[in-house]
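[1] fold the following, please.
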Amino acid sequence: MPEDRQRSNNGWPGSDVRPGSNGRSPSRTTSRHAITITRRESLTATGVLDVISFDEETIIAETELGMLIIKGVNLHVNRINLENGELAIDGDIAAITYEESGTYTKGGKSIIGKLFK
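    Residues are numbered from 1 along each chain as shown. This is a model prediction of the structure:
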């Protein structure tokens, strides 16, 4: 990127999105939410508020910007530091999606799924 172009607050030119600007006020805002993926084999995320559930195929974490769902094979959580909002995983990462906060609860079942048991 040319030196003369200024970056916005979140690092992307022309974007005004800021953590917490979606109307939510996270109780623990220690860092901005960011994800770094290396060769689809490792992932580091910041701005993580809580890890809702994890197994070898799915990790669900609440971030400052919504629920983060990571799907793959042989996923392993290497580090969780909720004080600093950090999460590090290894495995074969297949997909990453976001959903609104509150969609999942501890135990990994959605609220709607619990209603229709």
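[2] which of the helices or strands spans Asp50?
    strand 48-54 (DSSP states H and E).
[3] repeat for Ala94
    strand 86-99.
[4] quick one: strands adjacent to that strand?
    Using DSSP bridges, strand 86-99 pairs in its sheet with strand 42-46 (antiparallel), strand 66-81 (antiparallel).
[5] make TSV out of those and add distance to Arg32 and mean neighbour count.
    Yep, even glycine has a C-beta here, placed from its N, CA and C like the rest. Putting these into TSV (distance: least, CB to CB, whole Å; neighbours: other CB atoms under 10 Å) gives the following:
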stretch	distance to Arg32	mean neighbour count
strand 42-46	7	19
strand 66-81	14	16
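[6] dump these into TSV; add distance to Ile93 and mean pLDDT as well.
    Listed next are the strands paired with strand 86-99 as TSV, based on distance: least, CB to CB, whole Å; pLDDT from 0 to 100:
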stretch	distance to Ile93	mean pLDDT
strand 42-46	6	97
strand 66-81	4	97
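[7] in JSON lines, list the ones you listed along with distance to Ser53.
    Shown next, in JSON lines, are the strands paired with strand 86-99 (distance: least, CB to CB, whole Å):
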{"stretch": "strand 42-46", "distance to Ser53": "15"}
{"stretch": "strand 66-81", "distance to Ser53": "10"}
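[8] tell me which of those approaches Thr58 most closely.
    strand 66-81 (5.4 Å; CB to CB).
[9] follow-up on the earlier one: can you check which of the strands paired with strand 86-99 gets nearest to Ile52?
    strand 66-81 (7.4 Å).
[10] Ala95 reaches Leu68, doesn't it?
    No: counting by CB atoms under 8 Å, Ala95 does not reach Leu68; the two are 11.2 Å apart.
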